[in-house]
Structures are given as structure tokens and as C-alpha cells.
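Enquirer: Structure, please.
(chains A and B, ligands or ions: 3)
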Amino acid sequence: MSLAPGAGLADSGAMPIPIIIDGHAIEAPPGASLIQAWISAGLPLTENVGCMGQGVCGACRVLVRREGERIATAALACETRAEAGMQVAFIDHFPARRPHAYDLAAMGDSWTALGQVDAVFPEAKHCRHCGGCDAACPKGIEVQKAVTLAVEGRALAAGALFDHCVMCNLCVAACPEHIAPAHLGQFLRRMANSLTLRPGDLIERIRQIEDGSQAIDLDSPGAAP
Amino acid sequence: MIAWDQALAAPRDPAPPLPSDRDALLRGFHPDHAPGAMERLRVGVSAGQPCPAALADLLQSNALVEDVDIAGRAMREAEVLVLGGGGAGCIAALTAARDGARVLLVTKLRMGDGNTVMAEGGIQAAVGAEDSLQRHYEDTLRAGHFRADKALVAAMVRDGPASIRWLIQQGMGFDLEEGEDRIGGHLLRKKPGGATAARLLSFRDYTGLELMRVIREAVLLTPGITVLERHPVVELLTDPHGRCAGAVLLELGRREIVLARAGAVVLATGGAGRLHLNGFPTSNHYGATADGLVLAYRLGAGLREVESFQYHPTGIAWPPHLAGTLISEAARAAGGLLFNGLGQRFVDELAPRDVVAAAILREIAEGRAAAREGCEGVLLDTPGLEAANPGILAKRLVTLSHLAHRAGFDPAREPFLIRPTLHYQNGGIAIDAEGRTAVPGLFCAGEASGGLHGLNRLMGNALLELVAFGRRAGAAAVEAARGDRPRGVGLTHLAAWERGLVAAGLPLDRRAPMVFPPYGNVDLAAMLRQRVAA
Ligand SMILES: Cc1cc2nc3c(=O)[nH]c(=O)nc-3n(C[C@H](O)[C@H](O)[C@H](O)COP(=O)(O)OP(=O)(O)OC[C@H]3O[C@@H](n4cnc5c(N)ncnc54)[C@H](O)[C@@H]3O)c2cc1C
Ligand code: SF4
Ligand code: SF4
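Expert: Ligands and ions are numbered 1, 2, ... in the order given. Sure, this is the predicted structure:
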């Protein structure tokens, strides 16, 4: 079907690329991403998909082994293009072993906030520095370093390392100590913003709205053609 | 059509483009106005309204399930049922749960996999000293060609600053102006195309990712919300009085039908980009198939401005494996210029999106486009942008640089080849300021709803809408749910609907919602029939 993402690729005349996805030996159109290769082979797509190419939702997690390589690496299928001889397996999403629960709204006193890191994520101090998380991350985030910084109490620096994390949770699956690094990252970032971000212009405008000086005239001259 | 090498070699003339007649441009080149693009709806409460043919086919089709399919199925109970796990749905669920309701949130893919997480440019809120709520209100109406509902727009605009505060309270970050303090500093503001003031607040160029990961985490940690992923809604349930009282879900993992009964339902299933109207590629996520529109319309909810879609000017035209992928307006907001294959500017880059998109389509139609390996489009001059603002690509336009890298070129040296991509459903299900639809018990928020954008949306108003109306609909749903548990819940609405289809001479065997695009290779109707036979 011509509207399919990447449909134009098949017309280029170049040789199709043989790959194996989840046990299916298929021929991918040249240039296709792994997701495009999957649908162009007629396979049903109901999961492990989301943004379909932007690489931002973290849904389409795969293990990829390239020809001649011994070790499989984690990647996002929408961002990875088919290469001859690739072996690919989608990775299902497991629920986390246990939620690391906290209540931001109850964290009134910022003096105690850092102590919460250990209270909510007690496993973090047991990091074995095995690097499993770093190897798993398709976004190149320095996960292990962030965990170390968090344990040292450097909340902002640790949180900042997760700046472009897409919450694919591959680091969570990889961690033998069940540290749930990505959730630790979210905890640190959310805590920092909710406790310390107070933009002056925003606060002033909210005050004006509350005191009635920002009323909207629904029928002003600018509200009609 | 100009060959890529020639287009690259043509000296780019930064002189402002000649002014052109915007109405003529829209009528001549905007896809909404293409001959044959629209038809009139023939059944349902909005019969007579214009609607794209592909969407009309879905709206005017029969249900995927009937009474026998739901008999004896397991029934889940909740006070508030939320359909869709994007920004609007998650925020409605959070609000309802914090107001004390037992909430069930169901979604087609995983929670968070939707258009929200993909938003790049930012969210509007009038916080600048020179800006005002009044200007935001008027800008929104004007950009939408004065077809938006004034009361809804005023409600959204008024909620703007408080919505940003609420997001920060949930833990979301926003960029501050260079060197400003976290306490008392000023927010970084950009001017969205079509606006009169710098009003776009952002987190780098992945504002939606920052919003969605914070909200998803909040939902996961809020007691009182049960989340069912991979459970698309395939039909709504009613009580004998026509009140919406729940939904029929398809549990994809086990291919089982599951029912959910609730005192109130919030529909937040998002947009329709995967209908690929008029053959356009789309920037939308895989699940954007207009399901909510189809289901609510069948139940009697009115639609508005469904004839109007936003084609984002800057979708990728080349390379083909990224066709349709969005290049954020941030690139133009920061000063990025557009050139045709002859090196001429042809439109004010910051004019409203419908105008810019129509102008690009005119350049293509009139042979002034550039073509690379058979893909036609115009140039987004990232090298010029970088030269004027050294470092901007690496620091501010991270997503754009990443995209260029995946396309295999250096954006500081080579321009993007772009063309419009189907991006946003401007209209949708008609709501009031509390998110109520015309159907009792049924609420709606986010891209599925209509009335806030008229015939064209300003960048940044979709994210604001989903926060403001997600909260409004969530709160109103809790109020509505405080009554008796619905009784006699079933598919009573379908009999009248089928009679309507027959009376209009429409087929009964066309079934919707679509749930997955055709190229997803899933035959949902067959999957459901199989279940029943087993
Ligand atoms: C690439 C891109 C960039 C954008 N950039 C911006 C921007 O910078 N600023 C801005 O304001 N707006 C932007 N937008 C628009 C904005 O992101 C969306 O309009 C908005 O996020 C929609 O939110 P939503 O919650 O209504 O829908 P979504 O976030 O799409 O969520 C809808 C959810 O419902 C689910 N669903 C669908 N059908 C069913 C079903 N049958 N059953 C159960 N669940 C279902 C979907 O899978 C999805 O999870 C952008 C959009 C895109 C695509
Ligand atoms: S969730 Fe973990 S693995 Fe995934 S992007 Fe974030 S840090 Fe990397
Ligand atoms: S995987 Fe876990 S234990 Fe290993 S380095 Fe990362 S955080 Fe530490």
C-alpha cells in the first residue's frame, strides 16, 4: 500500500536486504528502518511501536546483532536501518519489579529532599558499576555515572544527565541490582523542578490574573474579522 | 522542478518574499480546498457538515461489535474511565484520581505512546510583560480564521499561566532565558508563527517528551489509577437512556473482549494523521486513527470543523525512510528561511501554518521545487541559520540536528528538503468549557476535541489545550460520576445507528474504528469474529 511509511523505498530499484526479525526471514526495502521492514513484509504491527521514526517514545526496543558481530546491542527499531544479515528481536516491556513510590506534593521541606533519594531508591548505593545500563541505553546516556552522582547527593548534576532520556526502560531491565535508573532520573528531575523552579514572569502573570487585571474582553474588536 | 545540485548551487537571496493574496493562496493550494477532498456527512447529528472523504467513510460506518460479542464478558468497574493514554488522557486521569475518583485508564499502545511525546516546539502561555491574555485570545481566534469558540479559547488562554505552574509542580522543566536564575528568572519565550508576541515556552526542542515522561511517572505513582495498556476501545457502552456508561475494549495480548463500566467517560484518543488524507505523509504516531471521533459520533456527539486539518509546512521530503517526519517550527521561529529551487524566498516563514504550507505546495505545483532522488520539496536553510547564529544547531535545535544525522547529512552544511506533512486535526468533537460533549456522561479533551483552533492551530496551543482541558474534563467527570452506578449497560445505541445508515443508503458491512492503519497488517474485524466463533 503506497501510503505505508517508507513505501517509496521499494521503488528505488536497489537490491532488497535480507534480515531476520523475531524469527521471520524477510527482505527489507533498501534504506528501510526495522519497523518499516517489519510492515513491508506483511507482518502485523500492534505493539512495540509508537512515534514511528522520531525515536522519542522508546516503544520499539530491539536487540540487534549485525553480521560478524558476537554481541547483540539494544536499539530502537524506528531509528535503526536494516543491514544485510542483521538479526533482530523485539524486546517486550515488563512491568517494573516494584514501583519506587514517592509523593512530590508531600515533599514540602527541601532540606530533607536529598535524603529521599536513599529512602525511595535504597538500591542505588549498591551499584556494582557493571556498566550494564550504559551498554543498554540507545540514547548514549551516562547512566552509571548518573547513579553514582545521585548516591553522592548531587541531585541536579545526576538529573541533568537524563536530559534526553526517552524512558525506554532498557537500563531498568539491564540493572542486576534493580536500581531502576531511569525512574531514579525522573525522580531527581521532578524533585528539582517542583522544588526550585519559580519563574518570576510566570508568578507575576498569575498574580495579575488572580487580582483581575488580566480580564479578557470576549467581544473586543480584535476578536472579529 | 529543479535538480538538487542546481538548487544547492543557486545563490540564496534573503530578500523578503513578495506579498501574496493569502485567501487566494489557501483556496488554490491548501489540501482542504482540493477539488473532491470533502464530502457532506449523510448520517448522524452533524449531517450536512463537510468532512474529508476518508474520515466520512469511517464516521458513517457500522460498529465492530454487536450484542453477541459482549454477552458474558468480564466487566471492569471504575468511577471515571479514561480512553487514551497521551497527555490529555493522563492529565484527566490524574485530576480525577486526585479528586478522589477510582480511575481506569485504557490505551491502545503503551501509556505515553501518542502525539504528545512527539511535540517539539513548545507550549503557549502569555507570561511576557508586553503580552497579555487578551492578545493570546485574539491571536488564537485570528489564526483560526475566527471559527473557534470564543468561550473555549478564553478558558484555555486564562488557564495558560496556571497550567505552566501546574506542570512545574508535577516536576516538568522549562527553559529559562540565558543566564537567568531558577528562582525569579524569566522563562525563555519564542514567537510562534502567526502570533503577535513571544509566547512559546519550551524545554529544549523536546517539550512533549519532557511533559509526557513527567506526567506518565505521576500517573504510575498516583494511587487510585489502574492502567490497561494494549487495550484499544472498539465501541462505547450506553445505558438505556443514552448516557455513556463505559466501553468495549479489545485486550490485544489475549485477543479477548473486555468491558469497562463507569459513571463517566473521558475520551482522549487524539488525532487522525494516520488516515493520510489526500495521500499526504504524516508526522503523527502510529495510533492516530480518529477512533474517538468515530465512537463519539455514533453515540450522538456533534462534530465541528472536521473539514479542517493542519498540514505542517516542514515535514521531511527526503530521504524517503523519514518522509513525513516533522521538523519543528522552532527552526523557523529561530530565523530559519525557506527557499525554492531557484534560491528565492516565496512566503513569510512565520506566517500561519496553513499559509506557509499552501505556499510550499504552490512552489511544487508550479515547478519551482527542488528534487532529490525523485523527492520534491523546498529548502529549509539550516546552513544560513547556523551562519547567522553560530552554535544554534548543536545547542538549541538538538532534535533537528539528530534528525539530519539520521538522514545522513550535516545540517550546518546542507539544507533540509521539506514539504508539508499531515499534522493536526483542527476540529473534532464539540465540547463545552468543562469538556462535556452532547452525550451525557461523555467528556472529551485533547486533539480529539474541537472548537479551540477554528480552521488553523497556532503552534503551542495543542499542548496548552490538553493540559487545560485535560484538567477541566477530569474534574467535571468526577462530578458527573457521583451518582448511581449505571445499570442496563449495553449497545442499545447501535440499533438506531444502523437504521440511520440504511435510511441514508450507506453499507452496513463497512466497520470502524480503524484502530490500526491498513499497512499495520491487522484485520481487526476478523480478529473479533474469530474470538466469537471460538
Ligand atoms: C511531531 C509532532 C510535533 C508536535 N509539536 C507540537 C508543539 O510543539 N506544540 C504543540 O502545542 N503541539 C504540538 N503537536 C500537537 C500535539 O502534540 C498534540 O495535538 C497533542 O499532544 C495531542 O494530545 P492528546 O493527548 O490529545 O493525544 P495523544 O498524545 O496522541 O494521545 C492519544 C492516545 O490515545 C490512544 N488511542 C488512540 N485510539 C485509541 C483507542 N481506540 N483506544 C484506546 N486508546 C487509543 C493513542 O494511542 C494515544 O496514546 C505536535 C504533534 C506532533 C505529531
Ligand atoms: S530509559 Fe534508560 S536506557 Fe532508556 S533512554 Fe533513558 S537512560 Fe537510556
Ligand atoms: S546496571 Fe545497575 S548496577 Fe550496573 S552500573 Fe548500571 S546502575 Fe549500576
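Enquirer: domain parsing for chain B?
Expert: B:2-35+B:310-423, B:67-308+B:426-481 (automatic domain parsing).
Enquirer: Of those domains, which is nearest ligand 3?
Expert: Among these, domain B:67-308+B:426-481 comes nearest to ligand 3, with 18.4 Å by Cβ to the nearest ligand atom. C-beta coordinates here come from the backbone N, C-alpha and C atoms, glycine included.
Enquirer: Please name the nearest non-neighbouring residue to the residue in chain A that ligand 1 sits nearest to.
Expert: Proximity of chain A to ligand 1 (Cβ to the nearest ligand atom) peaks at A:Q54, 6.3 Å away. Closest residue in space to A:Q54, ignoring its immediate chain neighbours: B:M118 at 5.3 Å, by Cβ to Cβ, 6 or more residues apart in numbering or on different chains.
Enquirer: what number of residues lie near that neighbour?
Expert: Counted by other Cβ atoms under 10 Å in any protein chain shown, the residues lying close to B:M118 total 27.
Enquirer: mind checking how far it is from A:A4?
Expert: 19 Å (Cβ to Cβ, to the nearest Å).
Enquirer: domain assignment for chain A?
Expert: A:17-90, A:104-199.
Enquirer: Turn those into JSON lines, columns for mean neighbour count, distance to B:W166 and mean pLDDT.
Expert: What follows is the domains of chain A, written out as JSON lines (neighbours: other Cβ atoms under 10 Å in any protein chain shown; distance: least, Cβ to Cβ, whole Å; pLDDT from 0 to 100):
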{"stretch": "domain A:17-90", "mean neighbour count": "20", "distance to B:W166": "23", "mean pLDDT": "95"}
{"stretch": "domain A:104-199", "mean neighbour count": "19", "distance to B:W166": "11", "mean pLDDT": "95"}
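Enquirer: returning to what we had before: pull the contacting residues for the residue nearest to A:Q54.
Expert: A:C51, A:Q54, A:V56, A:C57, B:G208, B:L209, B:S283, B:N284, B:H285, B:L326 (Cβ atoms under 8 Å, 6 or more residues apart in numbering or on different chains).
Enquirer: Now the two most distant members of those residues.
Expert: The span of the contacts of B:M118, defined through Cβ to Cβ, is set by B:L209 and B:N284 at 15.6 Å.
Enquirer: follow-up on the earlier one: out of the contacts of B:M118, which are inside strands?
Expert: Assigned to strands by DSSP state E, none of these qualify.
Enquirer: which ones among these are found in helices?
Expert: B:G208, B:L209 (DSSP state H).
Enquirer: B:N389: which of the contacts of B:M118 is nearest?
Expert: Looking across the contacts of B:M118 and measuring by Cβ to Cβ, the closest to B:N389 is B:L326, at 21.2 Å.
Enquirer: Check the residue nearest to the closest one when sequence neighbours are not counted and give its pLDDT.
Expert: Excluding its sequence neighbours, the residue lying closest to B:L326 (Cβ to Cβ, 6+ apart) is B:S283, at 3.9 Å. pLDDT, B:S283: 97.
Enquirer: dump the residue contacts of the closest residue to A:E67 other than its chain neighbours.
Expert: Spatial nearest neighbour of A:E67, excluding adjacent residues (Cβ to Cβ, 6+ apart): A:G85 at 3.1 Å. Applying Cβ under 8 Å, 6+ apart, one finds that A:G85 lies in contact with A:P18, A:I19, A:R66, A:E67, A:G68.
Enquirer: Just the ones in strands from those, please.
Expert: Using DSSP E, the contacts of A:G85 in strands are A:P18, A:I19.
Enquirer: wait, which of the contacts of A:G85 is closest to ligand 3?
Expert: A:R66 (23.3 Å).
Enquirer: I figured the closest one hits A:V88, correct?
Expert: No. In this structure, A:R66 is not within contact of A:V88 by Cβ atoms under 8 Å, at 9.9 Å.
Enquirer: before we move on, back to that, ok, and which of the domains of chain B has the densest surroundings?
Expert: Highest mean neighbour count among the domains of chain B (mean count of other Cβ atoms under 10 Å in any protein chain shown): domain B:67-308+B:426-481, with a mean of 24.
Enquirer: I'd like to know how far the residue nearest to the spatial centre of chain A sits from chain B.
Expert: For chain A, the residue nearest the mean C-alpha position is A:V166 (1.5 Å; Cα atoms, centre = their mean). Noted for A:V166: a distance of 7 Å to chain B, by Cβ to the nearest Cβ, to the nearest Å.
Enquirer: Could I get the contacting residues of that residue?
Expert: Counted by Cβ under 8 Å, 6+ apart, A:V166 has contacts A:G55, A:V56, A:C57, A:G58, A:L76, A:P138, A:K139, B:L209, B:R213.
Enquirer: switch the cut-off to 10 Å
Expert: A:V166 sits next to A:50-51, A:54-59, A:76, A:137-139, A:141, A:182, B:112, B:117, B:206, B:209, B:212-213 when contact means Cβ atoms under 10 Å, 6 or more residues apart in numbering or on different chains.
Enquirer: sec struct for it, please.
Expert: Under DSSP: H, G, I helix; E, B strand; the rest coil, A:V166 falls in the coil class.
Enquirer: Next, the closest residue to B:D175 other than its chain neighbours: phi, psi?
Expert: Leaving aside its chain neighbours, B:D175 sits nearest to B:L188 (4.1 Å; criterion: Cβ to Cβ, 6+ apart). The phi/psi pair for B:L188 (degrees, to the nearest 10) reads phi -70, psi 130.
Enquirer: repeat for B:A433
Expert: phi -70, psi -10.
Enquirer: again with the one 3 residues further on
Expert: Dihedral angles phi and psi of B:R436 (degrees, to the nearest 10) take the values phi -80, psi 140.
Enquirer: what bridges to it?
Expert: Per DSSP bridges, the residues bridged to B:R436 are B:F443.
Enquirer: Pull out the buried positions in stretch B:61-68.
Expert: For stretch B:61-68, burial by neighbour count (16 or more other Cβ atoms under 10 Å in any protein chain shown) applies to B:S61, B:N62, B:A63, B:L64, B:V65.
Enquirer: My read is that A:T73 contacts A:A174, right?
Expert: No. With contact defined as Cβ atoms under 10 Å, A:T73 does not count as touching A:A174 (11.6 Å).
Enquirer: Give me the common contacts of these two.
Expert: Contacts common to A:T73 and A:A174, judged by Cβ under 10 Å, 6+ apart, are A:A135, A:A136.
Enquirer: I'd like to know which elements the strand or helix carrying A:V117 is packed against.
Expert: Under the criterion of DSSP states H and E, A:V117 resides in helix A:113-120. Judged by 3 or more Cβ pairs under 10 Å, 6 or more residues apart in numbering or on different chains; DSSP states H and E, helix A:113-120 is in contact with helix A:143-151, helix A:155-161, helix A:181-196.
Enquirer: need the contact list for the residue nearest to B:D175.
Expert: Per Cβ under 10 Å, 6+ apart, neighbours of B:L188: A:199, B:122, B:174-178, B:180, B:198, B:200-204, B:396.
Enquirer: which outside residues touch the helix holding A:V117?
Expert: Here helix A:113-120 has contacts from A:99-104, A:106-107, A:109, A:112, A:124-125, A:150-155, A:158, A:180, A:183-184, A:187-188, A:191-192, A:194-196, using Cβ under 10 Å, 6+ apart.
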